[in-house]
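Peer 1: next input, structure requested:
(one chain, ligands or ions: 3)
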Amino acid sequence: MHRLYHRAVTVSLTSQDPARLAVDALVVAVAQQDGAPVVLGADRLPKELRAQLADAAALGITGAADEVRRLPGTGLAATVVVLTGVGSADALTPEALRRAAGAATRELAGTGTVALAFPTDDVAAVAEGALLGAYSYTRYRASQTAKLAPVATIQIVTAHPRDPAALAAVARAEVIAAAVHGTRDLVNAAPNDLYPAAFAEAAKAAAKDSGAKGLKITVLDDKALAAGGYGGLIGVGQGSVRGPRLVKVSYSPSRPKAKVALVGKGITFDSGGISIKPAAGMEAMKSDMAGAAAVLHTVIAAARLELPVAVTGWLCLAENMPSGTAQRPSDVLTIRGGKTVEVLNTDAEGRLVMADGLVAAVEEKPDVVIDIATLTGAQLVALGHRVSAVMGTDDVRGEVVTAAAASGEQFWPMPLPADLRAGLKSKVADIANISDRFGGMLTAGIFLQEFVGTTPWAHLDIAGPAYNERSAHGYTPVGGTGVGVRTLLALLEGRSPAV
Ligand code: BES
Ligand code: MN
Ligand code: ZN
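Peer 2: Ligands and ions are numbered 1, 2, ... in the order given. Have a look, this model is predicted:
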């Protein structure tokens, strides 16, 4: 169960004439210029096809982002030509290219071989977008899998197919895509298959399968957690017959230039516990382990890329269930390190397991600790489905925003107003786990802050962006999105300057 459930995709570079590429589909980009669609690099296409595309607008093509159209491959060796919109011709950003490439490969699921001829030297963006879009999750399908299978081979047309920088960009894109796909696979797994112990096994298998050197995984089971004083994980996990786990996955290069800790929320299913959630929409709570999945695959990717930075990932795994053994509202837990928490709402469970994870992480004195969690519904209220939030120490928060912008993920800086701490006062314990409703995302951040001490820190709330319940767009499929992986990896790369 811990294997990857998508077919491996291969990418190669070619300088061949796109018209002569014997592929199932040739993808070209269409931009919007002065309100009209412009086929980019049309001069490289055969006359007959150019004529056919001369009045693209009459074919209903606009060049808008997420518009993917298939036409007969007139004059091409390819069977079909695929037009993918990049949006405004004045904003051909790397992310616009990623999304256009990814929208095309995503729409082409079921197609074997695809070539992309984009008029850009940015092989990195095209390769990454195309790979991110070449994903489908078919683990639970008994039939129709061929029709759903992701594109198997991708060729990218470039003037310099043997340029070492371009080849390195492809290799990096493959590592990134594998990490994002691996994260999506875990998020999409059904919670009857992916419970805490199964997640821990999946982590071991993924590390082993990666073939990367310098990775080590240790797993604390319920007994070890009780012995270690991990009261948050124990309290949240005690309602389930499937006990909690804390997985530590570390990557240690030989001469690390920095030491980074990553902590991920891994609630394999969040029913709310005794403070049970409404039935409508509860199924989405299988995605409540997306932070832990992103951490796992970021550490593996860092190892595969041999980054000169030591990274330790902490996966805080538990299933939040109501039962005769579940924790109650008014229970008091002792988090690792000794702080006590009054549990006023068992549905505010993420912060309880993350508190244990953060304490364990900072005990090892990292330079910086970053946590990532599907922590609050309030994140969706504040920023919607596609923009994640980042809170924390000013400089680390800024570092995350910069890394996100470079990688094409949307993270927006949010404050941690000190006055919100008062709302978390408990009548009996050091802190309560809930406050009033307003500013709920920030309150959760304030709660976590209590457990990081003086270590530079950022908290990423990915509640909305981690799981796409609407429709697919760009390279983003329905279901698990893998958000966070690219930002965390960019941050690690930023902490490991080339020498
Ligand atoms: N896992 C949820 C947050 C969530 C909500 C993630 C929607 C993704 C989509 C979290 O454990 C939770 O239930 N939070 C509560 C906290 C409240 C009880 C203070 C919430 O946001 O309602
Ligand atoms: Mn909850
Ligand atoms: Zn939760």
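
Peer 1: which other residues reach the helix or strand bottoming out on mean pLDDT in the chain?
Peer 2: The weakest-scoring helix or strand in the chain, judged by mean pLDDT, DSSP states H and E, is helix 145-148 (a mean of 88). Helix 145-148 has contacts (Cβ atoms under 8 Å, 6 or more residues apart in numbering) with 109-110, 136, 138, 141. (Glycine included, C-beta is placed from N, CA and C.)

Peer 1: helix, strand or coil for residue 250?
Peer 2: Three-state assignment for residue 250 (DSSP: H, G, I helix; E, B strand; the rest coil): strand.

Peer 1: re the thing from before, the least confident helix or strand of the chain: which residues count as buried?
Peer 2: Within helix 145-148, no residue counts as buried by 16 or more other Cβ atoms under 10 Å.

Peer 1: how far does the biggest helix by length in the chain sit from its chain's centre?
Peer 2: The longest helix of the chain (DSSP state H) is helix 164-188. Mean-position distance between helix 164-188 and its chain equals 11 Å (Cα atoms, centre = their mean, to the nearest Å).

Peer 1: beyond it, next helix or strand please.
Peer 2: Per DSSP states H and E, the first helix or strand lying C-terminal to helix 164-188 is helix 196-210.

Peer 1: check which element follows that next one along the chain.
Peer 2: strand 215-220.

Peer 1: just checking, what packs against that next one?
Peer 2: If you count contacts as 3 or more Cβ pairs under 8 Å, 6 or more residues apart in numbering; DSSP states H and E, strand 215-220 packs onto helix 196-210, strand 245-251, helix 290-304.

Peer 1: partners of the second one, with directions?
Peer 2: Based on DSSP bridges, the strands next to strand 245-251 in the sheet, each with its direction, are strand 215-220 (antiparallel), strand 310-320 (antiparallel).

Peer 1: quick revisit: in the longest helix of the chain, what's buried?
Peer 2: Residues of helix 164-188 classed as buried under the neighbour-count rule (16+ other Cβ under 10 Å) are 166, 169-170, 172-188.

Peer 1: same question for stretch 468-480.
Peer 2: 468, 472-477, 479-480.

Peer 1: just those now: which is nearest residue 367?
Peer 2: Comparing the buried residues of stretch 468-480 against residue 367 with Cβ to Cβ places residue 480 closest, at 29.8 Å.

Peer 1: okay, and residue 83 sits in which element?
Peer 2: Going by DSSP H and E, residue 83 is in strand 80-88.

Peer 1: could you tell me the angle between the helix or strand following that strand and helix 164-188?
Peer 2: The helix or strand immediately downstream of strand 80-88 is helix 94-107, counting by DSSP H and E. Between helix 94-107 and helix 164-188, the angle comes out at 60 degrees (axes from the mean of the first three to the mean of the last three Cα atoms, to 10 degrees).

Peer 1: what packs against helix 94-107?
Peer 2: Going by 3+ Cβ pairs under 8 Å, 6+ apart, helix 94-107 lies up against strand 25-33, strand 68-72, strand 80-88, strand 113-117, helix 123-133.

Peer 1: recalculate using a threshold of 7 Å.
Peer 2: Applying 3 or more Cβ pairs under 7 Å, 6 or more residues apart in numbering; DSSP states H and E, one finds that helix 94-107 contacts strand 68-72, strand 80-88, helix 123-133.

Peer 1: so what secondary structure elements neighbour the second one?
Peer 2: Contacting strand 80-88 under the criterion 3+ Cβ pairs under 7 Å, 6+ apart are the following elements: strand 25-33, strand 68-72, helix 94-107.

Peer 1: paired strands for the first one, with orientation please.
Peer 2: Its sheet considered, strand 25-33 pairs with strand 36-39 (antiparallel), strand 80-88 (parallel), strand 113-117 (parallel) by DSSP bridges.

Peer 1: which residues touch the first one?
Peer 2: Residues outside strand 36-39 that contact it (Cβ atoms under 7 Å, 6 or more residues apart in numbering) are 28, 30-31, 53, 56-57, 61-63, 89.

Peer 1: how about the residues of this protein by ligand 1?
Peer 2: 270, 288, 345, 347-350, 374-378, 434, 440, 463 (Cβ under 6 Å from any ligand atom).

Peer 1: kindly recompute the last result at 5 Å.
Peer 2: 270, 288, 345, 347-348, 350, 374, 376-377, 434, 463 (Cβ under 5 Å from any ligand atom).

Peer 1: correct me if wrong: residue 288 contacts residue 266.
Peer 2: No - using Cβ atoms under 7 Å, residue 288 is not in contact with residue 266, being 8.0 Å away.

Peer 1: kindly indicate whether residue 487 is helix, strand or coil.
Peer 2: Residue 487 ends up helix, using three-state DSSP.

Peer 1: pull the contacting residues for it.
Peer 2: 400, 403-404, 407, 409, 411 are the contacts of residue 487 under Cβ under 7 Å, 6+ apart.

Peer 1: how far away is it from residue 392?
Peer 2: In this view, residue 487 and residue 392 are 13 Å apart by Cβ to Cβ, to the nearest Å.

Peer 1: can you pull the poorly scored residue ranges out of the chain?
Peer 2: Low-confidence segments of the chain, defined by pLDDT under 70: 1-7, 498-499.

Peer 1: got the residues of it near ligand 3?
Peer 2: With the criterion set to Cβ under 5 Å from the ion, the chain comes near ligand 3 through 267, 270, 288, 350.

Peer 1: residue 430: neighbouring residues, count only.
Peer 2: As a burial measure, residue 430 scores 16 neighbours (other Cβ atoms under 10 Å).

Peer 1: surely it and residue 339 touch.
Peer 2: Yes - shown here, residue 430 and residue 339 form a contact pair, counting by Cβ under 7 Å, at 4.9 Å.

Peer 1: and of the strands paired with strand 245-251, who's closest to ligand 2?
Peer 2: In terms of Cβ to the ion, the element of the strands paired with strand 245-251 nearest to ligand 2 is strand 310-320, at 6.1 Å.

Peer 1: the closest one close to ligand 2?
Peer 2: No - if you take Cβ under 5 Å from the ion as the test, strand 310-320 misses ligand 2, and the best it gets is 6.1 Å.

Peer 1: what is whichever helix or strand comes after that strand packed up against?
Peer 2: Using DSSP H and E, the helix or strand that follows strand 310-320 in sequence is strand 331-334. Counting contacts by 3+ Cβ pairs under 7 Å, 6+ apart, the secondary-structure elements packed against strand 331-334 are helix 231-237, strand 340-343.

Peer 1: a markdown table for those, including mean neighbour count and distance to ligand 2?
Peer 2: Listed next are the helices and strands packed on strand 331-334 as a markdown table, based on neighbours: other Cβ atoms under 10 Å; distance: least, Cβ to the ion, whole Å:
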| stretch | mean neighbour count | distance to ligand 2 |
| --- | --- | --- |
| helix 231-237 | 29 | 9 |
| strand 340-343 | 22 | 12 |
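
Peer 1: export the ones you listed to CSV and tack on distance to residue 103?
Peer 2: Below are the helices and strands packed on strand 331-334 laid out as CSV (distance: least, Cβ to Cβ, whole Å):
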stretch, distance to residue 103
helix 231-237, 39
strand 340-343, 44
